[in-house]
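Trainee: Sequence first, then the predicted structure:
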Amino acid sequence: MKYKTREYPQFAVCGLNCGLCPRYYTVGSSRCPGCAGDGFSEVHPPCGVLSCCQRKGLEYCFECDEFPCKKYDGADLTDSFITHMNQLTDIRKAKRIGMDVYRIELNEKMRMLERLLLDYDDGRRKSFYCTAVNLLDLQDLHAVMEKINAIETETPIKEKAKDTVTAFEDVAAQQGISLKLRK
């Protein structure tokens, strides 16, 4: 199915933060451009939620009178490349604070993630960093980024990655959040 390209594909119509997904940062043919981003139909299976929104002329599900509909049943119980754990929380937050404000927050998280992938990834941490940045709030992310900024630039990448993961796990544990994907 061919979808109309969306202006801001980094936040899906259903509430997933596409801009925090490992496939969004993949190089090559398996890269996902985000929800109805340029080339979405070529790399992504058909999406009933996206089809429904576009058929109704809506940019996001929360604009619908039926939100949340049965398509959200069990949404918080499954994982894929990016966790669904905050899907309903995030789309409700976007509705409550408005997309302009939510977009600023998501863009800030994306910048943090890009920095993590550039400076603290030993080649094995992309999914972990995507999950951590998606699940933790901005205040906690700022605290972790401040802590890891103190790591010496000469520190070997494997050690920097290990220290960064530990910093994320410590903050997540304080919040009662597991950064391990559920099966």
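Mentor: Looks like it arrived, so ask away.

Trainee: For the chain, which residues score under the pLDDT cut-off?
Mentor: Along the chain, segments meeting pLDDT under 70 span 1, 74-83, 181-183.

Trainee: Look through it and report the residue furthest from the middle.
Mentor: Glu154 (29.8 Å; CA atoms, centre = their mean).

Trainee: Who's the closest spatial neighbour of the residue nearest to the spatial centre of the chain, skipping the chain neighbours?
Mentor: Nearest to the mean C-alpha position of the chain, counting by CA atoms, centre = their mean, stands Leu20 at 2.9 Å. Distance criterion CB to CB, 6 or more residues apart in numbering; nearest residue to Leu20, sequence neighbours excluded, is Asn134 at 4.4 Å. All C-beta atoms are positioned from the backbone trio N, CA, C, and that covers glycine.

Trainee: same deal with Ala12?
Mentor: Closest to Ala12 by CB to CB, 6+ apart is Cys35, at 3.7 Å.

Trainee: So in this structure, which helix runs the longest?
Mentor: Determined from DSSP state H, the single longest helix within the chain is helix 99-119.

Trainee: Next secondary structure after that one?
Mentor: Tracing the chain past helix 99-119, the next element assigned as helix or strand by DSSP states H and E is helix 126-135.

Trainee: Now do that next one: which elements does it pack against?
Mentor: If contacts are counted by 3 or more CB pairs under 8 Å, 6 or more residues apart in numbering; DSSP states H and E, helix 126-135 sits against helix 99-119, helix 157-175.

Trainee: got the CA coordinates for it in CSV?
Mentor: Output of helix 126-135 as CSV, limited to C-alpha atoms (Å, rounded to 0.1, in the frame of the first residue of the first chain):
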residue,chain,number,x,y,z
LYS,A,126,22.5,0.7,19.4
SER,A,127,19.3,-1.2,20.6
PHE,A,128,20.2,-0.6,24.2
TYR,A,129,20.7,3.1,23.7
CYS,A,130,17.5,3.4,21.7
THR,A,131,15.5,1.7,24.4
ALA,A,132,17.1,3.7,27.2
VAL,A,133,16.5,7.1,25.5
ASN,A,134,12.9,6.0,24.6
LEU,A,135,11.9,4.9,28.1
